[in-house]
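Trainee: Got a sequence here, can you model it:
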Amino acid sequence: MTMEYEDSSSTLEKLTLLVFIVAIVIGNLCVFITYLVRADGKHWSNVFVLCMAFIDLFIGGFVLPMRFMSAYG
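Mentor: Numbers count the residues shown, from 1 in each chain. Got it, this is the predicted structure:
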């Protein structure tokens, strides 16, 4: 009985992490697309937001999947 619970919990953790990874990547890609498409979005004050989106995209697109693979391989 305990093994079934641990397997179910592990599956839920995997699914939750995958949902977060996908949401992070899609959300930050939307920030990039918005920055590129909007003509009035190209102000120097938006550089900070763009840098944060880049770092967040790097974390969500590379670091978290690598951690996921090493943890759940």
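Trainee: So in this structure, where's the weakest helix or strand by average pLDDT?
Mentor: helix 2-37 (a mean of 85; mean pLDDT, DSSP states H and E).
Trainee: helices and strands around that one, which ones?
Mentor: Applying 3 or more Cβ pairs under 8 Å, 6 or more residues apart in numbering; DSSP states H and E, we find helix 2-37 packed against helix 47-58, helix 64-72. Yep, even glycine has a C-beta here, placed from its N, CA and C like the rest.
Trainee: Can you say which of these is nearest to residue 12?
Mentor: Smallest distance to residue 12 across these (Cβ to Cβ): 12.1 Å, for helix 64-72.
Trainee: re earlier: what separates the least confident helix or strand of the chain from the chain centre, distance-wise?
Mentor: Per Cα atoms, centre = their mean, to the nearest Å, the displacement of helix 2-37 from the mean C-alpha position of its chain is 7 Å.
Trainee: That helix versus helix 47-58: what angle between them?
Mentor: With axes from the mean of the first three to the mean of the last three Cα atoms, to 10 degrees as the criterion, the two stretches helix 2-37 and helix 47-58 enclose an angle of 150 degrees.
Trainee: Could you pull out the buried residues of helix 2-37?
Mentor: By 16 or more other Cβ atoms under 10 Å, the buried positions in helix 2-37 come out as 17, 21, 24, 25, 28, 31.
Trainee: Same list, these, but as CSV with distance to residue 70 please.
Mentor: Output for those, formatted as CSV (distance: Cβ to Cβ, whole Å):
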residue, distance to residue 70
17, 12
21, 14
24, 18
25, 19
28, 23
31, 28
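Trainee: That'll do, ta.
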